[in-house]
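Colleague: below: sequence and its predicted model.
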Amino acid sequence: MFRKILIANRGEIACRVAATARRMGIRTVAVYSDADADAKHVAACDEAVHVGGSAPKDSYLQWQRILDAARATGAQAVHPGYGFLSENEDFAQACADAGLVFIGPPASAIRAMGLKAESKQLMEKAGVPLVPGYHGADQDPALLQREADRIGYPVLIKASAGGGGKGMRAVARREDFADALASCRREATNSFGDDAVLVEKYVQRPRHIEIQVFGDTLGTVVYLFERDCSVQRRHQKVLEEAPAPGMTEAMRSAMGAAAVSAAQAVGYVGAGTVEFIVEQRDDGRMDFFFMEMNTRLQVEHPVTEAITGLDLVEWQLRVAAGEPLPLRQDELRIHGHAIEARICAENPDNQFLPTTGTLDVYRKPAAEAFARGAVRIDDGVREGDTISPFYDSMVAKLIVHGATREEALARLDAALAETHIVGLQTNVQFLRRVVASPSFAEARLDTALIERERAVLFDQEPLGLPFAAAAAVAHALQAETAAERPGDPFGQRDGWRSHGPMERRFDFEFRGQPAEALLRRERDGTRVLAIAGEEAPLAWTAQPDGALDLRFCNRRSTVRLYAKGPVAHVHTAQGATQIVAIDRLAHAGDTQAEGGRLTAPMPGKVVSFAVQAGDTVTKGQALAVMEAMKMEHTIAAPADGTVAELLYAPGDQVGEGAELLRLDAA
């Protein structure tokens, strides 16, 4: 076994690998960029080496510097994690040439499966079923258009060297193909350095089911069952679970055998995932087609670990050290059900645009849930860390395990309710709504689930103005009580008056609208709050951990409130919301922001402008394309008008809120 390994990655996967290595007595070396100098993964390892600037191309993709770091620290092997260099055949070969063990498949297997078109040709020879499509080397746009016409719309354009939803576009109409192809190629070039694509039939009502495979250097390959990854946005996974709901033993065996054949066809060694598109027919039958093979450990590997009781990183290390697989196929078993939720810094109500900021509050579920093995969090951040625009938007992975799917669902919702993040917008509440949605709860899964359930997933308010205002008022009064001076009658803030009730006004902004609350204290000490047409006694009890047991309008709930400036972040078991306290004197001189401006919705790079100064545009027309957190985002015209001025050039880096161009309204 290795004495020391270098982890050529960052964030939660670097922390994850380091944890297993430490348990096995293996020392670890971290690498880090300028932005990650104080990152959690650096502290999680025994040593750390700086490898360059904040952008991945200046650090984590500089594989010669990583090899130099491995040699300088005496590491015997390199674990690539996932993303970055994990599926880079040149890096795998360079590790071997430098006398380092690459903890992953041989470069030949990465090469064989790295290009989607070539891999599908190889799978066809191996007898693995394929989706109808064009996988050829000729990349002439006119030819690709003709092939799409031949296949029949809708079609899916996919970067041949891609993965993770990048460089992928669904096209429903012939007239949209050219623009989608151009966008797909740009994103593929930026993410993978290769703009080659393939075109496939877009399967209706598809499920995304993948098989975890493992091979050793002795030629043995096994499959560790399946994961359903159908719940997606922007072709990227949101929730993953194992085993796949509705999976029969016959279909599991057939898919497992196909996945093993795929791995054996390329002499696969180590952890890999064979991904299939499953077409659901009206008669209940399901057909599966090979989509791609990820020649690395997957983000969602913890759900497989949960249902098998195995440590897949330990398996990786043992196989890379030349040991045989720890178990035979007939020794592998499924135990219970597991679900993983990806917690991301993004705004689901604004097309999932990524967000950045500081984790002012980062609270996780109760420790006893972790001790029971019911809940697990894999993360690479701590409270106070910054989520920057340089890397992926994922903050953490929340994994739950239960005896049944229903038990796992209940645990996932409870764990999400106890996950409190303040300082930047995340998808935590969106994930709770997905889990509770009829389609997911009833396991009616396909990749269009989020779109189908839009009515219950987006722009939802779980608590409402009255209860949010009651929480903010109670929190403010509790803070004032804590600040009282004992023994000083004039320092008490109990609202006592010599005659008549005490009244106090609170001003708020809630979901962009002003609101006024009036608190009245009766002579018997009862507090009565009037807000938004509701009037009821307000009472609470402070808990030792800072929470409030709040009672208002026949509702009782444990509330945790985190104040960031004037914004109160209210968390309850029923959901979370925000309410803003307004200082009327401070806002007396505010004016409305000027119109006609188009600003960057997040920090990133300007990729291109689709218009020039003087152009006439219509509402909804694409004006510019930005890239942030490895994804492209289109900026559209909010109204008809004329472009007055472009304020940046393609390639420029801009901050959130930067004015990109000016538009004169029609």
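Modeller: Happy to help now that I have it.
Colleague: quick one, helices of the stretch 551-666 of the chain?
Modeller: Assigned by DSSP state H, counting those that start in this stretch, the stretch 551-666 of the chain shows no helices.
Colleague: equivalent analysis for the stretch 301-450 of the chain, please.
Modeller: Counting by DSSP H, counting those that start in this stretch, the stretch 301-450 of the chain has helices at residues 301-308, 312-320, 367-371, 405-417, 428-436, 438-441, 449-452.
Colleague: which stretch in the ones you listed has the least confidence?
Modeller: Of all the helices of the stretch 301-450 of the chain, the minimum mean pLDDT falls on helix 367-371 (a mean of 71).
Colleague: quick one: residues contacting the closest residue to residue 39 other than its chain neighbours.
Modeller: Distances taken as C-beta to C-beta, 6 or more residues apart in numbering put residue 32 closest to residue 39, at 6.1 Å, once the chain neighbours are dropped. C-beta coordinates here come from the backbone N, C-alpha and C atoms, glycine included. Counting by C-beta atoms under 8 Å, 6 or more residues apart in numbering, residue 32 touches 10, 39, 41, 42, 48, 49, 50, 51, 59.
Colleague: from those residues, which would you call buried?
Modeller: By neighbour count, with 16 or more other C-beta atoms under 10 Å, these hold 10, 39, 41, 42, 48, 49, 50, 51, 59 as buried.
Colleague: for the first one, grab phi and psi.
Modeller: Main-chain torsions, residue 10, degrees, to the nearest 10: phi -140, psi -180.
Colleague: again, but for the fourth one
Modeller: In this entry, residue 42 is assigned phi and psi values of phi -70, psi -40 (degrees, to the nearest 10).
Colleague: so which of the buried ones among the contacts of residue 32 sit within helices?
Modeller: Assigned to helices by DSSP state H, the following of the buried ones among the contacts of residue 32 qualify: 41, 42.
Colleague: let me know the closest of the buried ones among the contacts of residue 32 to residue 600.
Modeller: Of all the buried ones among the contacts of residue 32, the one sitting nearest residue 600 is residue 59; the distance, using C-beta to C-beta, is 24.2 Å.
Colleague: any figure for the gap between the closest one and residue 179?
Modeller: Distance of residue 59 to residue 179, computed by C-beta to C-beta, to the nearest Å: 33 Å.
Colleague: and if you look at residue 298?
Modeller: In this structure, residue 298 and residue 179 are 32 Å apart, going by C-beta to C-beta.
Colleague: which one of these two has more residues nearby?
Modeller: Neighbours were counted for residue 298 and for residue 179 using other C-beta atoms under 10 Å; residue 298 has more, 21 against 13.
Colleague: for the more buried one, helix, strand, or coil?
Modeller: With DSSP: H, G, I helix; E, B strand; the rest coil as the basis, residue 298 sits in coil.
Colleague: surely it and residue 83 touch.
Modeller: No. In this structure, residue 298 is not within contact of residue 83 by C-beta atoms under 8 Å, at 10.8 Å.
Colleague: so where's the longest strand in this protein?
Modeller: Using DSSP state E to define each element, the chain has its longest strand at strand 221-233.
Colleague: partner strands of that one and their direction?
Modeller: Strand 221-233 pairs in its sheet with strand 206-215 (antiparallel), strand 236-242 (antiparallel), by DSSP bridges.
Colleague: between those, which one is nearest to residue 166?
Modeller: Using C-beta to C-beta, the strands paired with strand 221-233 put strand 236-242 closest to residue 166, at 8.4 Å.
Colleague: beyond that closest one, next helix or strand please.
Modeller: For strand 236-242, the following helix or strand on the C-terminal side (DSSP states H and E) is helix 249-265.
Colleague: got the angle between that following helix and strand 221-233?
Modeller: Calculated by axes from the mean of the first three to the mean of the last three C-alpha atoms, to 10 degrees, helix 249-265 forms an angle of 110 degrees with strand 221-233.
Colleague: in helix 249-265, what's buried?
Modeller: For helix 249-265, using 16+ other C-beta under 10 Å, the buried residues are 251, 252, 255, 256, 258, 259, 260, 261, 262, 263, 265.
Colleague: equivalent analysis for stretch 180-193, please.
Modeller: 180, 181, 183, 184, 185, 186, 187, 188, 190, 191, 192.
Colleague: okay, and which of those map to helices?
Modeller: Per DSSP H, helices hold the following members of the buried residues of stretch 180-193: 180, 181, 183, 184, 185, 186, 187, 188, 190, 191, 192.
Colleague: wait, which of these is closest to residue 234?
Modeller: Proximity of these to residue 234 (C-beta to C-beta) peaks at residue 187, which lies at 11.0 Å.
Colleague: what residues are up against the closest one?
Modeller: The contact partners of residue 187, taken as C-beta under 8 Å, 6+ apart, are 159, 166, 167, 627, 631, 632.
Colleague: before we move on, the earlier item: of all the buried residues of helix 249-265, which comes closest to residue 481?
Modeller: For the buried residues of helix 249-265, the nearest to residue 481 is residue 252 (59.8 Å; C-beta to C-beta).
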